[in-house]
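J.: mind looking at a prediction? Sequence and model below.
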Amino acid sequence: MTQPVADLVLDQVGHTYRTAGAPPVEALAPTSLTISAGEFVALVGHSGCGKSTLLEIVAGLRPPTTGRVLLGGAEIVGPGRRRGVVFQQSSSLLPWRTVAGNVALGPEIQKVPAAERAALVARELERVGLAEFADRKVYELSGGMQQRTQIARALAADPDVLLLDEPFSALDTFTRELLQEELRRIWKETGKTVLFVTHSVEEATLLATRVVLFSPRPGRVISDERIDFTRRDVSLKELRADPAVVAFAAALREAIGDLTADVAPGVTKHRHRLRGRP
Ligand SMILES: Nc1ncnc2c1ncn2[C@@H]1O[C@H](COP(=O)(O)OP(=O)(O)OP(=O)(O)O)[C@@H](O)[C@H]1O
Ligand SMILES: [Mg+2]
């Protein structure tokens, strides 16, 4: 059976860091997940449980020490244009380039002809609300605008999968809420698969169609819940006040809070708590 093009399959993917002179650190236990095209998956769990490690592996920036990742049936062995990455900090933007120059990076590498590239860059800058800032240097932008530039840069390469590692955590509440709404709109508009790491249970609940909760290090999947609040045709502001959203976020917060190194008893408890919610 052939896979739909953008299905992302994590097959027993694990990672142990080995540093000379220090004991090995198992960051991520062998983990299997199948993510269908178009899903918006939030990865949540305590600090240090291997979320960024997992995202870096899917990005092709770090090889797994066990297992493999397949995108559309092909094994991921390095970075590639089908996966666009947005990091927590904007330091991955090139400071000597303009906003448009940064967004053009992927299409340049792909050798997209200049006129087509310019149109593509303009479209993505428009999409993230930065059309007027195309010719500015990135250091002239606010943190939120830099994050939008990163999102536009990732989208300009037209990836199948967007990988976002706490993209909004350094922003003030207002900007964060604005960008949450924009990311949701972009996801609905483009139908891309999104893998999104966040510390915020509210953010996960509002944006995701699936929430995967990891145990403390070594990270393993404790619960994997499908939700559909984000698909409702209402603003995030309205969703935030919805009792079902509030209840799910509270249960998720409690599930994370309850996680200790002694995970085994928790597994049943969390599954029980989260199960059956929309
Ligand atoms: N380069 C490295 N060398 C050695 N250990 C590392 C390295 N990077 C991460 N680790 C360890 O691996 C574990 C997982 O790290 P990772 O950054 O994936 O966690 P995380 O879930 O993203 O945490 P946070 O929520 O704080 O961002 C941590 O215990 C960390 O100390
Ligand atoms: Mg991290």
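T.: Sure, I can see it. Ligands and ions are numbered 1, 2, ... in the order given.
J.: when you work out contacts or count neighbours from here on, use the C-alpha atoms and nothing else.
T.: OK.
J.: CA atoms only: put whichever strand or helix holds residue 183 into CSV for me.
T.: Using DSSP states H and E, the element containing residue 183 is helix 173-190. Extracted C-alpha coordinates of helix 173-190, given in CSV (Å, rounded to 0.1, in the frame of the first residue of the first chain):
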residue,chain,number,x,y,z
THR,A,173,0.8,37.8,25.5
PHE,A,174,-0.9,40.2,22.9
THR,A,175,1.6,39.4,20.1
ARG,A,176,1.5,35.7,21.0
GLU,A,177,-2.3,35.6,20.7
LEU,A,178,-2.2,37.5,17.4
LEU,A,179,0.4,35.0,16.0
GLN,A,180,-1.6,32.0,17.3
GLU,A,181,-4.6,33.3,15.3
GLU,A,182,-2.4,33.8,12.2
LEU,A,183,-0.8,30.4,12.4
ARG,A,184,-4.2,28.9,12.7
ARG,A,185,-5.4,30.8,9.6
ILE,A,186,-2.3,29.8,7.7
TRP,A,187,-2.7,26.2,8.6
LYS,A,188,-6.4,26.3,7.5
GLU,A,189,-5.4,28.1,4.3
THR,A,190,-2.5,25.9,3.3
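J.: and the helix or strand following it, what other elements does it pack with?
T.: As assigned by DSSP H and E, the chain's next helix or strand after helix 173-190 is strand 193-197. Applying 3 or more Cα pairs under 8 Å, 6 or more residues apart in numbering; DSSP states H and E, we find strand 193-197 packed against strand 40-44, helix 51-59, strand 161-165.
J.: deepest in the core, which of those is it.
T.: Among the helices and strands packed on strand 193-197, the stretch with the highest mean neighbour count (mean count of other Cα atoms under 10 Å) is strand 40-44, at a mean of 26.
J.: need the contact partners of that one.
T.: 35, 51, 193-201, 204, 207-214 (Cα atoms under 8 Å, 6 or more residues apart in numbering).
J.: strands of the stretch 51-200 of the chain, start to end?
T.: Shown for the stretch 51-200 of the chain, the strands assigned by DSSP state E, counting those that start in this stretch span residues 66-71, 74-75, 83-86, 161-165, 193-197.
J.: mind putting the ones you listed into CSV with distance to ligand 1 and mean pLDDT?
T.: Formatted as CSV, these follow (distance: least, Cα to the nearest ligand atom, whole Å; pLDDT from 0 to 100):
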stretch, distance to ligand 1, mean pLDDT
strand 66-71, 15, 97
strand 74-75, 21, 94
strand 83-86, 14, 93
strand 161-165, 8, 95
strand 193-197, 8, 97
